Structures are given as C-alpha cells and as structure tokens.
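Chemist: Compute the structure for the input listed below.
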Amino acid sequence: MAHVSLDMVRNIGISAHIDSGKTTLTERILFYTAKIHKIEEVKGKSGVGATMDFMDLEREKGITIQSAATYCIWKGFNINLIDTPGHVDFTIEVERSLRVLDGAVLVLCSVAGVQSQSITVDRQMKRYKVPRICFVNKMDRAGANPFRGVTMLREKLSHNAHLITYPIGAEDNFKGMVDLVTMRAFYFDGDNGEHVREEEVPAELLGECQKYRESLIAAVGEFDDVVGMKYLEGEDVTIPEFRLAIRKATMSLGFTPVMVGSAYKNKGVQLLLDAVTYYLPNPTESENIALDQNNNEEKIILKNDVNGPLVALAFKLDEGRYGQLTYMRIYSGTVSKGDVIYNNVNDKKVKVPRLVQMHADDMQDIETAQAGDIVAFFGVDCASGDTFGDGKAKYTMTSMFVPNAVISLAIAPKDKASQTNFSKALNKFTKEDPTFRVHRDEESAQTIISGMGELHLEIYCERIKREYACEVIVGKPQVAFREAITKKGDFNYTHKKQTGGSGQFGKVVGYIEPLPSDSAVAYEFVDDITGGSIPREFVPACDKGFQEAIKEGRLIGFPIVGVRVVINDGAYHDVDSSEQAFKTASLMAFREAYEKAGPTILEPIMKLETSAPEEFQGGVMGQINQRRGMILNSANNEGYAVIDAEIPLTEMFGYSTDLRSATQGKGEFSMEFLKYSAVPKNVQEEMIKKFQEKKARGEK
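Modeler: Just a heads-up that it's a prediction; the model follows:
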C-alpha cells in the first residue's frame with residue numbers, strides 16, 4: 001500500500017457484543033474495497049470461513065478469538081482496520097487494539113440494541129478516548145428497530161447519539177437508507193450490493209427525514225459555530241459545513257453519529273466507509289502522549305511527524321510459523337527494513353530483519369513504515385506493551401489496561417514425551433496474551449493456568465493440542481477467591497530464638513484494618529514508629545514480612561486483599577536483632593492480628609446477561625436463583641426476555657449446558673467480572689472445612 005499524506009489515513013477498529021456482525025461487516029468492507037474478490041460467511045457452507053477468522057478454531061466455533069489486522073483503500077484513503085472479538089473472555093484483544101487506534105465503529109444489533117459486551121466495549125473506547133461511529137446492523141432481521149438502538153445508546157451508554165442515515169423499510173422490507181446530510185436515498189443493487197443507486201428521498205419518508213435532519217443540525221450546531229448560527233437564524237447549511245460540524249462533534253467525544261444497514265444483505269457498508277473518511281480522525285488529530293525516560297517521565301505530546309524520533313508501540317505478539325510477529329503502531333518517525341532500533345523498556349538493540357503489512361494471516365513485505373502506520377515486524381523479540389525508538393530519544397508509551405484473571409485450571413501433558421512442546425506452548429501463549437497467566441503451585445507440584453473465563457482457557461487447551469500436538473489433562477476449574485478482613489485487629493508479637501551463637505530478636509506492635517472498599521491497592525503499609533523503638537534499617541524487613549503474610553490467608557489459603565498494616569511500636573536487641581528476625585516477627589504478628597480482624601472469604605461476582613424466548617423466562621430465572629444469582633432487571637424485547645443479574649463465578653460452571661437444556665438450545669448468555677464480594681456464612685464454613693480436610697491429607 002503506497003504511502004499517502006497522513007490526512008488520508010484512518011486507523012479504525014470494529015468492536016461489538018458477540019454475534020452483532022463485526023466479522024461479516026469487515027468481510028463486506030474488504031470486498032467493496034477490492035481487497036478480496038469473493039465474500040465468505042462466518043459460518044459459511046463452503047467451510048472456508050470469513051477472511052479475518054483465519055484460525056481453524058474461529059471457523060469451527062463461528063466466533064472471533066484473536067483480533068486480526070488488515071488494510072484497504074477506499075476512494076484514495078488508506079484504511080488500517082482491526083476486527084476484534086466480541087466475547088468477553090477475549091477482551092484483552094479489544095483493549096490492546098483500541099489502545100493503538102484513532103477511531104472505531106461500534107456495531108449494534110438492530111434487534112437487541114445495546115447488550116452487556118457493548119457496554120464493556122464502550123467503556124474501553126472511553127478509556128482510550130476513541131471517537132466512534134455507531135453502525136446499527138442486521139436491519140433485515142425480524143424485530144429490527146434502529147430507533148430503539150439510538151434510545152439505548154442515550155440511556156444505557158449516555159451517548160449524545162443521532163441518526164445520520166434513516167432506514168427505508170425494515171425486516172424483509174429493508175431496501176436502503178436516506179443520507180440525512182445530503183438528503184438523498186441510497187439503494188444497493190447487484191448480487192453483492194456492489195452497485196450503489198442514488199435517488200430522491202421517497203415522498204412518504206420526506207417529512208420524517210426532515211424532522212430527523214433538523215434535530216441532527218441542532219445537535220452538531222452545539223460543536224460548530226457556523227452550523228449553530230445558521231440553525232438559529234433558520235438558514236440552510238451546506239453539505240461541506242454539515243460534514244465538518246459532524247466531524248468536529250464526533251472527534252470531541254461528545255457526539256455519536258448513528259448509521260443503519262445490513263452487512264449480511266450487503267446494504268449500507270459503502271456509506272459507512274464514506275463516513276469513516278468524513279468523520280473519524282486521521283493520525284495527526286489524535287493526541288498521543290509518551291513519557292520521556294531521560295527526563296523524569298515528563299509527558300511529551302507526539303506529533304505523528306515522519307521526520308521525528310522513532311516511537312513505535314508493540315501492542316500484539318503472534319508466534320507464527322516463521323517466528324515471532326510483533327504488531328506495531330508507529331506514532332512518530334520512520335523505520336525501514338535493516339534499521340537498528342532500541343527497546344526503550346530494557347535498552348536492548350535489535351535489527352529489523354523483515355517488515356510486513358498484514359491482511360489477516362497473509363503478509364506483504366514492505367521496505368519502510370512511518371508515523372500513522374500499523375505494521376508487523378519479524379524477528380523482534382519483546383513483550384506486549386514495549387516501546388521502540390531509534391536511539392535519538394528515549395520515549396515510552398503507556399501500556400494497555402490488563403484485567404485480572406478470574407478462573408484457573410490445573411493442566412499437565414498426558415505423556416512425559418510432550419513436556420517440551422507443552423512448555424513451548426505455555427511460553428508462547430503468555431507472551432501473546434497478557435490475560436493468560438501460568439504459574440507452578442509448589443505444594444501440589446501442578447502447573448496452573450489462569451484466564452478470563454471457561455471459554456478462554458478451553459481455547460488455549462485446544463490450541464496446545466492442535467498447534468503443538470500435545471494432549472493435555474485438565475483439572476477442575478478453580479475460582480480466584482480472595483480473603484479479607486472486616487474489622488481492626490491488634491498485634492503485639494515478640495520473636496525470640498536462642499540457639500548457639502547470636503540469637504534472633506524482634507518485637508513489633510501495631511494493628512491491621514480494612515482499606516476502604518473503593519481502594520485501588522490491595523495492601524498498604526504505614527510506618528508510625530517514633531522514638532527509634534525499631535531502627536530505620538529494620539522497617540523495610542517488617543514490610544516484607546507483612547507482604548509475605550498476605551500471600552496466603554489462613555481460611556482457605558488464598559491471597560489477602562484490602563488490608564492496611566500500621567506498625568507503631570516495637571523493640572530490638574543490639575546483638576540479636578536482624579532483618580530476618582523482624583521479617584519473621586512481622587509475619588507471625590500479622591497472623592495473630594488476622595484471627596481477631598474478622599477474616600472473610602471474597603468471591604468474584606460476575607455481571608450476567610441472559611436472553612431466551614419469553615416462554616422460557618420463568619425457568620431461566622429459576623436457574624439463576626438456584627445458582628445464588630441476584631436478578632437486577634428483566635425486560636422483554638421482540639419475544640425475547642433479557643435478564644440482567646449478578647452471580648458468583650463459582651456457581652457458573654456448566655451453566656451453558658443447563659441453559660441450552662432449559663430453552664431448547666435457544667438461550668444465550670454473556671458475563672464479565674464485576675467485583676469481589678463476601679461469600680455467605682454457610683458457604684464460607686463449608687469452604688474452610690474442605691480446606692482443612694485437604695490440608696490434613698497434605699493436598700493444596
């Protein structure tokens with residue numbers, strides 16, 4: 001793809017709730033921009049699958065697992081595009097994509113409107129200040145209602161959302177749309193909707209379209225003085241003025257333009273591509289901040305200058321058949337094949353052996369990449385989130401937000417011969433995916449993998465089998481419980497040990513108390529010692545002892561969170577006191593105080609959204625109640641019941657099978673981590689009893 005001026009570049013992502021049609025939409029975009037010459041469906045009869053779902057597992061399951069990058073040209077504009085997963089288990093893929101994009105398309109289903117994962121994706125877009133266009137897809141489906149989608153955008157997501165295209169018909173009668181900016185009607189002819197026909201607005205829709213256009217002008221007039229003044233004075237707004245005002249409003253993040261269409265029926269995608277070029281920012285219009293490591297991490301605004309110092313962020317790693325592929329967004333400067341670049345995080349220098357542009361899993365070799373580009377480097381070893389430069393300046397970009405894991409499994413290779421491949425697979429996956437974590441449990445000598453949900457870990461187990469020819473044995477899922485305290489507990493502990501030669505002596509006095517529920521930290525150490533009762537050099541050892549103590553709680557052996565430790569007195573011995581003595585004293589003091597501080601077990605609570613035909617509503621609600629769920633809201637939408645609930649993760653295993661059985665296979669659900677909450681007293685007692693029995697048997 002030839003380099004064009006930066007104002008002709010768009011870096012966009014396509015994000016949505018699962019099954020809203022993101023991958024189908026991307027397939028159409030690639031077809032209309034002549035990037036592909038035949039449309040394949042996500043679950044197509046050909047078995048080929050959509051271009052962007054290139055993993056075998058994606059094609060089998062009909063879902064997107066990894067974000068996939070491609071590029072295309074539309075009316076002279078270079079569009080770098082990332083198709084992201086909709087399933088919450090793969091949320092890191094959305095997170096890292098939005099971190100490096102300038103704009104996004106938020107896809108909604110015209111029947112379901114704003115769903116649980118739409119809310120998560122919207123929160124991620126807000127986190128990285130990404131302007132977006134909303135595309136209300138599936139207008140051909142029974143129950144399609146884009147106006148309800150706009151209302152839900154306003155009510156559920158607090159968007160200042162307005163239609164910029166108006167539907168001509170809906171469901172089976174969905175024919176096309178009216179562009180409210182130009183007041184022209186558009187229809188899509190040909191086998192694949194490739195011939196765009198422009199006509200007058202149908203007479204029966206003219207009044208409605210004028211009303212919606214009027215409210216659109218009023219909304220964007222708030223962001224643009226020219227349009228605002230013309231609206232107040234009752235003058236006509238020209239098309240270029242109108243487009244400029246929508247662009248300003250969208251880029252301010254205070255306005256969301258909403259378009260309608262049906263990607264599956266090939267209607268409205270070309271207008272969406274036009275809107276991407278009209279209303280979403282080019283790389284120079286996005287503010288990107290780097291930290292200058294040579295100047296106390298002073299914030300530097302990067303100008304997307306091709307002649308500036310090189311700043312490139314590695315946002316995704318993929319271990320392919322040719323070695324590690326590192327996806328980079330270039331924010332400043334230029335890089336060419338054969339250049340020597342520096343990892344600004346660990347100061348390693350590396351030569352760029354190969355530079356490619358990605359089209360799903362195909363790649364095209366390029367010689368040079370510059371500010372504004374999204375490309376991939378071969379043979380550049382690094383971690384996800386590292387920043388590279390050319391040695392002229394030492395800038396680093398802030399990395400993406402990585403959510404905590406909520407579920408763990410014990411995993412082992414079936415036979416000893418596969419151990420090497422098993423280790424290789426785990427190393428590769430932990431580098432690729434920051435939400436996939438691996439650790440060894442020393443007590444049980446098991447390898448434990450942790451992740452975002454059952455599906456997340458199931459996919460990795462399947463990938464180990466397929467990509468590394470290694471059969472694995474999987475243990476029972478283990479939820480990431482936590483322990484906490486509910487009240488203040490005092491400690492006054494003296495550690496005294498006299499053996500041959502010098503002994504050990506350390507005394508610590510103080511208390512532990514719960515941190516506020518909204519605290520961002522899990523542990524806080526407060527040194528309140530006055531008068532030198534504990535010498536200054538031993539205070540860090542006390543901190544280390546307390547940190548050691550919170551790694552494993554006394555109730556069920558899980559980490560302790562939300563605790564403040566205050567140390568305010570103590571005693572030492574000139575000869576026998578040492579760092580080790582005070583570390584041990586602090587560890588034992590914490591355990592003494594923990595018993596008095598009302599210890600409790602916390603469990604992860606998930607936000608659950610279940611939808612099923614109305615006739616099954618009672619059964620679905622009964623299942624949620626049986627699993628200790630708390631129903632927050634239920635709404636009926638076009639014959640479907642949508643139930644919102646909060647439910648403990650530990651009760652969710654096997655839910656998908658039960659839900660399918662209760663709804664004749666028609667029920668769907670999505671869930672994501674919400675918060676940690678105390679388990680009920682009877683459940684806590686049962687958990688402690690089981691833990692004590694396991695300890696007695698010498699198990700973990």
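Chemist: residue ranges for the helices of the stretch 551-700 of the chain, please.
Modeler: Using DSSP state H, counting those that start in this stretch, the helices of the stretch 551-700 of the chain run over residues 579-596, 617-626, 655-662, 681-696.
Chemist: Can you list the neighbours in contact with stretch 458-478?
Modeler: 56-57, 65, 89, 407-415, 418, 421-422, 424-426, 429, 436, 446, 448-449, 451, 454, 457, 653 (Cβ atoms under 8 Å, 6 or more residues apart in numbering). For every residue, glycine as well, the C-beta is placed using N, CA and C.
Chemist: Average pLDDT for it, rounded please.
Modeler: The average pLDDT for stretch 458-478 rounds to 85.
Chemist: For residue 352, give its distance to residue 451.
Modeler: As judged by Cβ to Cβ, to the nearest Å, residue 352 and residue 451 stand 32 Å apart.
Chemist: Name the residue in the two with the higher neighbour count.
Modeler: residue 451 (25 against 20; other Cβ atoms under 10 Å).
Chemist: With adjacent residues omitted, what lies nearest to that one?
Modeler: residue 457 (4.8 Å; Cβ to Cβ, 6 or more residues apart in numbering).
Chemist: what number of residues lie near that neighbour?
Modeler: 22.
Chemist: Counting neighbours, what do you get for residue 144?
Modeler: Counted with other Cβ under 10 Å, residue 144 comes out at 24.
Chemist: Which pLDDT value goes with it?
Modeler: pLDDT, residue 144: 90.
Chemist: where does the stretch 101-250 of the chain dip in pLDDT?
Modeler: Judged against pLDDT under 70, the stretch 101-250 of the chain has no low-scoring part.
Chemist: Now do the helices in it.
Modeler: Counting by DSSP H, counting those that start in this stretch, the helices of the stretch 101-250 of the chain are 116-127, 146-157, 203-221, 225-232, 239-251.
Chemist: what comes into contact with the helix or strand that comes right after the last one?
Modeler: So the one you mean is helix 239-251. Using DSSP states H and E, the helix or strand that follows helix 239-251 towards the C-terminus is strand 256-260. Strand 256-260 has contacts (Cβ under 8 Å, 6+ apart) with 106, 110, 132-136, 139, 146, 149-150, 153, 159-167, 177, 246, 249-250, 268, 271-272, 275, 279.
Chemist: surely residue 85 meets residue 93?
Modeler: Yes. With contact defined as Cβ atoms under 8 Å, residue 85 and residue 93 form a contacting pair (5.1 Å).
Chemist: Please settle this for me: is residue 299 part of a strand?
Modeler: Yes. Residue state for residue 299 (DSSP: H, G, I helix; E, B strand; the rest coil) corresponds to a strand.
Chemist: Just give the nearest non-adjacent residue to it, would you?
Modeler: residue 289 (5.3 Å).
Chemist: I'd like the distance from the one you found to residue 98, if you could.
Modeler: 16 Å.
Chemist: Name the residue in these two with the higher neighbour count.
Modeler: Comparing residue 289 with residue 98 by neighbour count (other Cβ under 10 Å), the higher total belongs to residue 98, at 26 against 12.
Chemist: Make sure I have this right: that one is in a helix.
Modeler: Yes. Counting by three-state DSSP, one finds residue 98 located in a helix.
Chemist: Return the residues in contact with the closest residue to residue 577 other than its chain neighbours.
Modeler: Leaving aside its chain neighbours, residue 577 sits nearest to residue 505 (5.2 Å; criterion: Cβ to Cβ, 6+ apart). Taking Cβ under 8 Å, 6+ apart, we find residue 505 in contact with 494, 495, 496, 497, 572, 573, 576, 577, 581.
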